[in-house]
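**Q** just a sequence and a predicted model for now, questions to come.
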Amino acid sequence: MQIAEVTSRTPALLSRLLTVWERSVRATHHFPSESEIERIRGYVPQALGGVAQLLVAQDEAGRAVAFMGVQDGALEMLFIDPDERGKGLGKRLLRYGVERCGVERLAVNEQNPQAAGFYEHMGFQTYRRTECDEQGGPYPLLYMRLAREPAKTDGRRDGPQ
């Protein structure tokens with residue numbers, strides 16, 4: 001898998017990413033209704049076109065299979081084609097975002113405990129909860145930020161820097 005920042009957001013790429021988004025949502029987001037998925041689907045191309053940094057993971061054939069969007073230190077979106085889940089791609093994307101794009105915070109649907117658990121496992125901690133999503137929908141959000149380990153008394157931290 002190759003991860004690269006998109007420099008040209010072509011209609012063909014955006015169409016493929018919309019397909020990845022929809023397949024991912026249908027596989028992992030069991031709380032929105034069909035009509036709600038269709039409604040949200042209408043906003044995705046604009047979100048993909050407007051996010052500051054759009055990073056795409058491609059398979060060996062060069063086909064986009066996952067993507068994430070980053071804006072001002074926030075992970076705005078991360079979606080993986082269901083056929084690629086469980087292969088470490090989410091970890092690779094998120095680490096890339098933290099290390100190269102300065103990701104330090106995100107929001108995740110509380111009703112998607114698998115995603116919330118993934119972000120917790122990756123070092124993010126919830127600092128705020130809302131009853132509704134950012135569009136006013138009945139989907140509580142957990143706002144998370146990357147936890148910083150306190151320095152040890154010898155001034156070193158465990159693990160890679």
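**A** Alright, I've got the coordinates.

**Q** and for stretch 17-27, what's in contact with it?
**A** Stretch 17-27 is contacted from outside by 32, 37, 40-41, 44-45, 48, 56, 64-67, 77, 79-82, 85, using Cβ atoms under 8 Å, 6 or more residues apart in numbering. For every residue, glycine as well, the C-beta is placed using N, CA and C.

**Q** over to stretch 39-57?
**A** Residues contacting stretch 39-57 (Cβ under 8 Å, 6+ apart): 1-6, 9, 13-14, 17-18, 21-22, 25, 32, 64-72, 76-77, 80, 84, 89, 92-93, 96-97, 101.

**Q** name only those of these that count as buried.
**A** 3, 6, 9, 13-14, 17, 21-22, 25, 32, 64-71, 76-77, 80, 84, 89, 93, 96-97, 101 (16 or more other Cβ atoms under 10 Å).

**Q** can you pull up the bridge partners for the residue nearest to residue 67 when sequence neighbours are not counted?
**A** The shortest distance from residue 67 to any non-neighbouring residue, by Cβ to Cβ, 6 or more residues apart in numbering, is to residue 56 (4.8 Å). For residue 56, the beta-bridge partners are residue 4, residue 67 (DSSP bridges).

**Q** report the separation between residue 56 and residue 79.
**A** 11 Å (Cβ to Cβ, to the nearest Å).

**Q** shared neighbours of those two, anything?
**A** 17, 66, 67.

**Q** nearest to residue 60 among those?
**A** residue 66 (13.7 Å; Cβ to Cβ).

**Q** what sits against that closest one?
**A** 20, 56, 57, 78, 79, 80, 81, 84, 89, 90, 93.

**Q** what pLDDT does it get?
**A** On pLDDT, residue 66 comes in at 96.

**Q** how far away is it from residue 135?
**A** Taking Cβ to Cβ, one finds residue 66 at 24 Å from residue 135.

**Q** can you check residue 34 too?
**A** 17 Å.

**Q** next one: residue 124
**A** 22 Å.

**Q** the two - which one has more neighbours?
**A** Taking neighbours as other Cβ atoms under 10 Å, residue 124 and residue 135 compare with residue 124 leading, 24 against 9.

**Q** my read is that the more buried one contacts residue 106, right?
**A** Yes - Residue 124 lies in contact with residue 106 (Cβ atoms under 8 Å); the separation is 6.6 Å.
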